[in-house]
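K.L.:
Provided below are the primary sequence and the corresponding predicted coordinates.
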Amino acid sequence: MGFRALSGTPARFGIQPFLLADIGEGITECEVIQWHVKPGDKVAEFDKICEVQSDKASVEITSRFAGTVVKLYHDVNAIAKVGEPLVDIETADGAVDATLPADAAAAAPEVAEKAPAEPFVPASTAKAANGTASLPDASSTASFAPASGDQTLATPAVRRLAKEQGVDLRGVRGTGKEGRILKDDVLAYAAGSAAAPSTTTPSAPSAPVAGGDRAEPLTMIQKAMFKSMTKSLAIPQLGYMDEIELNQTTEYRRALNVHISRHPQTYAFQKMSYLPIFIKCMSIALQQYPLLNATMGHDVGIDQLNNIKLTYRAHHNIGIAMDTPQGLIVPNIKNVQDKTILQVAADLHRLTELGKKNAIPPADLQGGTITLSNIGAISGTYANPVVISSEMAIVALGRMQTLPRFADDGSVIPKQILPVSWSADHRIIDGATIARFGELWKTLIENPALLASELR
């Protein structure tokens, strides 16, 4: 006999479908990037079940139930929908969770009435068992998590890179948190393997690693970028370029870093970059040009012209584009208008460290009002950054160089020059406005004494 979802009648056992809860604003699906359990494992409440990657952040999912894992619903790299089951867990008391949605709760008795659950078999190998395929191909086996005794921690992007390089992740020593394997670890291992002479004679030539073209689905971050940049196609991008002289700023930063080094117990970081200064100067400039911090929302068109309203946002949540192991993400530092340069530096340090681990929480990725991209940390001078639909402007910083410039007396002197590239929403922002805003931002950066006079 089965039991009804909300019945108080005890049963010998019960199968709990553990659903993927809503983990952030607007997120409807996630990519499963790591399983921490397998069928047959015992779990307690709050034990780690898996790690999922949304288009905004990587999140660890913990169990709400104590019991035995019966079934995994997804392979590694598969897409899990919010509100649908991740795993089935057999609980000791057999009580079905009354907080489950009605359709999930109604499904639980049907699962309980079935014969003992079969072990989980990924879809590709299940086909082989049914005779539809003799062996799983290399691409399918590479996407599954290794057995728990031989587990590797790596994101899908790193696993894909390892596959391209012909690297077995089980032999790579990860330098990330908890042994997580990073892109640099794979590249270093591949370079070392290529340089090392072979000490054994192969019995047969190995199959080529890269055997031609292949098709792969977009990652969650690539999907998010695709959607956001497609929306940006509707925005006429106004470009404006300039350069900033950083000689005095360099001395100001050096003085701040001396202060930081003398108070190691006060700060979580040993030194700060130029970015906290640039970010604070941007916030001060926004106070005089609040239009650059405004928004029209995400979905506006010419047919709604009479209904369009600009929202002037009081909070300066300045986004910082980051290149992480998982791809490009843009967390933001909240309420910069209320923070000192050193407080901004502390927030930036926290986000940078979390970004290295793909662990930036969704709250830090939401609510940005203007964006700064430090593309020059990689290479390049000028760029064409793209404004997103919820913001009015973005600036890209190029690589700082020491270049010759003329002094007032005509002599040539070395100057530290930073190229900057602005893009603004030309539907609202005109050229004169972005030029004046950019000039004020530049003046504050170049003159630390003036910056100090504006600090509150």
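P.N.:
Structure's in. What do you need?

K.L.:
The helix or strand where Pro276 lies: what's the following helix or strand?
P.N.:
Here Pro276, judged by DSSP states H and E, is contained in helix 275-288. With elements assigned by DSSP H and E, the helix or strand that comes after helix 275-288 is strand 294-295.

K.L.:
Just list what that next one packs against, helices and strands only.
P.N.:
strand 311-312 (3 or more Cβ pairs under 8 Å, 6 or more residues apart in numbering; DSSP states H and E). Heads up, the C-betas are built off the backbone N, CA and C, glycines and all.

K.L.:
And the helix or strand just after the strand it packs on, what's buried?
P.N.:
Next along the chain after strand 311-312, taking DSSP H and E as the criterion, comes strand 318-324. Going by neighbour count (16 or more other Cβ atoms under 10 Å), the buried part of strand 318-324 is 318-322, 324.

K.L.:
for stretch 175-186, same thing?
P.N.:
Under 16+ other Cβ under 10 Å, the buried positions of stretch 175-186 are 176, 180-183, 185-186.

K.L.:
and if you look at stretch 354-366?
P.N.:
354-358, 360, 362, 364-366.

K.L.:
For Ile445, the count of nearby residues, please.
P.N.:
Neighbour count of Ile445, defined by other Cβ atoms under 10 Å: 25.

K.L.:
Where is pLDDT lowest across the buried residues of stretch 354-366?
P.N.:
Lowest in pLDDT among these is Asn358, which has 81.

K.L.:
Quickly find the element holding that one.
P.N.:
Here Asn358 is assigned to no helix or strand, by DSSP H and E.

K.L.:
Show me the beta-bridge partners of the closest residue to it other than its chain neighbours.
P.N.:
Leaving aside its sequence neighbours, Asn358 sits nearest to Ser58 (Cβ to Cβ, 6 or more residues apart in numbering; 4.0 Å). On the basis of DSSP bridges, Ser58 takes part in beta bridges with Gln53.

K.L.:
What ranges does the stretch 351-456 of the chain have for its helices?
P.N.:
431-446, 448-454 (DSSP state H, counting those that start in this stretch).

K.L.:
and the longest one, what does it pack onto?
P.N.:
Put plainly, it is helix 431-446. Using 3+ Cβ pairs under 8 Å, 6+ apart, helix 431-446 is in contact with strand 237-245, helix 247-262, helix 275-288, strand 393-397, strand 412-425, helix 448-454.

K.L.:
try the shortest one
P.N.:
Contact here means 3+ Cβ pairs under 8 Å, 6+ apart; on that basis helix 448-454 packs against helix 247-262, helix 275-288, helix 431-446.

K.L.:
Flag every buried residue along it.
P.N.:
Applying 16+ other Cβ under 10 Å to helix 448-454 flags 448, 451 as buried.

K.L.:
thinking again about what came up before, compare the helices and strands packed on helix 448-454 and give me the one nearest Ala66.
P.N.:
helix 275-288 (45.5 Å; Cβ to Cβ).

K.L.:
Return the distance of that closest one from the chain's centre.
P.N.:
Centre-to-centre, helix 275-288 and its host chain are 24 Å apart (Cα atoms, centre = their mean, to the nearest Å).

K.L.:
count of residues packed around Phe18?
P.N.:
Phe18 sits with 24 neighbouring residues when counted by other Cβ under 10 Å.

K.L.:
I'd assumed Phe65 was in contact with it.
P.N.:
Yes - using Cβ atoms under 8 Å, Phe18 is in contact with Phe65, at 6.7 Å.

K.L.:
what touches both of the two?
P.N.:
Ile89 (Cβ atoms under 8 Å, 6 or more residues apart in numbering).

K.L.:
Quick check: the most far-flung residue of the chain relative to its centre vs Val43, distance?
P.N.:
Most distant from the centre of the chain: Asp409, at 49.9 Å, with distances by Cα atoms, centre = their mean. From Asp409 across to Val43, the span is 75 Å (Cβ to Cβ, to the nearest Å).

K.L.:
circling back: so can I have a markdown table of the buried residues of stretch 354-366 showing distance to Ser379?
P.N.:
Formatted as a markdown table, the buried residues of stretch 354-366 follow (distance: Cβ to Cβ, whole Å):
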| residue | distance to Ser379 |
| --- | --- |
| Leu354 | 25 |
| Gly355 | 19 |
| Lys356 | 20 |
| Lys357 | 25 |
| Asn358 | 23 |
| Ile360 | 24 |
| Pro362 | 30 |
| Asp364 | 27 |
| Leu365 | 26 |
| Gln366 | 30 |
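
K.L.:
Just flag the most distant two among these.
P.N.:
Lys356 and Gln366 (20.5 Å).
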